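Peer 1: I'll drop the sequence and a predicted model, then ask my questions.
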Amino acid sequence: MSDVPSLYKDVGKKARDLVSKNFPDSMNLEVNHSQPLEVKLNTFHRTKGSSTIEIEASHNFVAPYLNLPTKVTVFTDSLEKFHIEEQVENFLLPGNKFTYRLSAKAGNFENKVSTEYKRPLLALTNSVTVAGKTNVNSSVAVGNKEGFVAGGEGELSVDAGQLTTSALGASYIRKDFEVSGFVKNGKGTSYILSLWSVLPQVGANFATEVTYDASHTVSARLALEKKLAPSVTGKLRWDNKNIVGLSFVSKLNDSTELTFAEELDFENAKVSKVGFTLAFK
């Protein structure tokens, strides 16, 4: 429905995804139980100085369709850090989604229960996170699917009885253009401005994100995404630390996709990250 806005967490998402997804720092293992079971293990190389290389093996396989009534997903950045999510849509009310998430890192566990509720002109989220301490997060977004959307979120520490983080944001959305602005408060105040746009003249998508944080530091990232061939999409990212990221996603056939990504640190004249993903769908 055109009069149902995005969730607050999805405001400005197109720009964030373009400058972050399919680069080495965003690759992980994902297992989705609501579709034919798909496992992606990624190769990851990181150079430290000139002599140390860390390597993780890369494998992929597909198991039979489980046809479960809910969506169960496993993500992991390493064998010591992972999280499992289970989602149930239209739980109790139409337009509602219930999610349970279990996270583990180095033997420490975190439980998170959240709900999403979407209706015309309104999108709400609420969550409770327990990891030794208990935090409650709520957000609201008002507006339409296109046009102006505004909202905010806040997180309350139940143990301390005080608001730990808060944010306000607004976005103007069109099919081929989005501009978003955010003010976030935590340990300090930061300001974020992002833009995503289709560039029909060159057949590419463009995004930029600029952040001014509490330490009075400005950081910026620019990214371009372009279809290089019928089965190959390329991405280029630059940031103001003079680090360039390259990403190529190639569809080898109807069920196989290969991603290669690399980061080049021009300040230190080295390749900082290289990643590969082979996915069978």
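Peer 2: Arrived safely, thanks for sending.
Peer 1: my guess is Lys187 meets Ala214, correct?
Peer 2: Yes - using CB atoms under 8 Å, Lys187 is in contact with Ala214, at 6.7 Å. To be clear about C-beta, it is placed using only N, CA and C from the backbone, and glycine gets the same treatment.
Peer 1: more crowded one of those two?
Peer 2: For the pair Lys187 and Ala214, the greater number of neighbours falls to Ala214 (13 against 10), based on other CB atoms under 10 Å.
Peer 1: low-scoring pLDDT stretches of the chain, where are they?
Peer 2: 1-2, 25-80, 91, 255, 278-281 (pLDDT under 70).
Peer 1: how near is the closest residue to Asp265 other than its chain neighbours to Ala220?
Peer 2: Using CB to CB, 6 or more residues apart in numbering and skipping residues adjacent in sequence, the residue nearest Asp265 is Ser272, 4.4 Å away. According to CB to CB, to the nearest Å, Ser272 and Ala220 sit 18 Å apart.
Peer 1: between those two, which is the more surrounded one?
Peer 2: Set side by side, Ser272 and Ala220 show more neighbours around Ser272, with 19 against 15, by other CB under 10 Å.
Peer 1: can you list the strands that the host helix or strand of the more buried one pairs with?
Peer 2: In the assignment (DSSP states H and E), Ser272 maps to strand 270-280. Sheet pairing of strand 270-280 (DSSP bridges) gives strand 43-48 (antiparallel), strand 256-265 (antiparallel).
Peer 1: for stretch 165-181, buried residues please.
Peer 2: With burial defined by 16 or more other CB atoms under 10 Å, the residues of stretch 165-181 counted as buried are Ala167, Gly169, Ala170, Ser171, Ile173, Glu178, Val179, Ser180, Gly181.
Peer 1: what's across from the last one in the sheet?
Peer 2: In other words, Gly181. Beta-bridge partners of Gly181, as defined by DSSP bridges: Ala170, Leu193.
Peer 1: wait, it touches Gly169, no?
Peer 2: Yes - taking CB under 8 Å as the definition, Gly181 is a contact partner of Gly169 at 6.6 Å.
Peer 1: tell me who's in contact with Lys9.
Peer 2: Thr125, Ser139, Glu153 (CB atoms under 8 Å, 6 or more residues apart in numbering).
Peer 1: A strand includes the second one, no?
Peer 2: Which is Ser139. Yes - counting by DSSP: H, G, I helix; E, B strand; the rest coil, Ser139 is part of a strand.
Peer 1: bridge partners for it, pull those for me.
Peer 2: Beta-bridge partners, per DSSP bridges, of Ser139: Thr125, Glu153.
Peer 1: and Thr115, by the same measure?
Peer 2: Phe98, Asn126.
Peer 1: tally of neighbours for it?
Peer 2: 16.
Peer 1: so who does it touch?
Peer 2: Counting by CB under 8 Å, 6+ apart, the residues that Thr115 touches are Phe91, Asn96, Lys97, Phe98, Thr99, Thr125, Asn126, Ser127.
Peer 1: can you add distance to Lys251 and neighbour count and give those residues back as TSV?
Peer 2: Shown next, in TSV, are the contacts of Thr115 (distance: CB to CB, whole Å; neighbours: other CB atoms under 10 Å):
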residue	distance to Lys251	neighbour count
Phe91	35	15
Asn96	35	16
Lys97	30	18
Phe98	34	16
Thr99	30	20
Thr125	34	21
Asn126	38	14
Ser127	35	18
